[in-house]
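Student: Got a sequence here, can you build the structure:
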Amino acid sequence: MRDKTQANSAAPGDGLIRAGAVVFFLGAVATLVTVAPLFLGAEPFPTYMFGLSMFMGVGFLVAGAGVLRSIAAGRRQARGASR
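Tutor: Next up, the predicted model:
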């Protein structure tokens, strides 16, 4: 019997995981840009730029929420299949 889920179908939480990865990447770039002048001896960026570095943590949390949502959907599907 063939599985009902196609290989290219999007599971619940996949969008959150992708969005979290993008936000995390933007935060990582912001962190590198913010810290670089400190090593290069240049004028440091304004304080709000350090706030942009927090996107790394936000992206991590969003991706984690996507993983938890995907796990919950898998458990619901497994519970429905066992009945």
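
Student: helix or strand right after the helix or strand of the chain with the lowest mean pLDDT?
Tutor: Least confident helix or strand of the chain, by mean pLDDT, DSSP states H and E, is helix 47-52 with a mean of 85. Sequence order places helix 55-81 as the next helix or strand after helix 47-52, per DSSP states H and E.

Student: Just give me the residue closest to the centre of the chain.
Tutor: Gly20 (2.0 Å; C-alpha atoms, centre = their mean).

Student: What distance do you get for the nearest residue to that residue once chain neighbours are set aside to Ala81?
Tutor: Among residues not flanking Gly20 along the chain, Ala63 sits closest, at 2.8 Å (C-beta to C-beta, 6 or more residues apart in numbering). C-betas here are computed from N, CA, C, even on glycine. Per C-beta to C-beta, to the nearest Å, Ala63 is found 27 Å from Ala81.

Student: cool, Phe39 as well?
Tutor: Taking C-beta to C-beta, one finds Phe39 at 55 Å from Ala81.

Student: likewise Gly64?
Tutor: For Gly64, the distance to Ala81 (C-beta to C-beta) stands at 26 Å.

Student: Comparing those two, which shows the higher neighbour count?
Tutor: Using other C-beta atoms under 10 Å as the criterion, Gly64 and Ala81 rank with Gly64 on top: 13 against 8.

Student: For that one, report the pLDDT, please.
Tutor: Gly64 carries a pLDDT value of 95.
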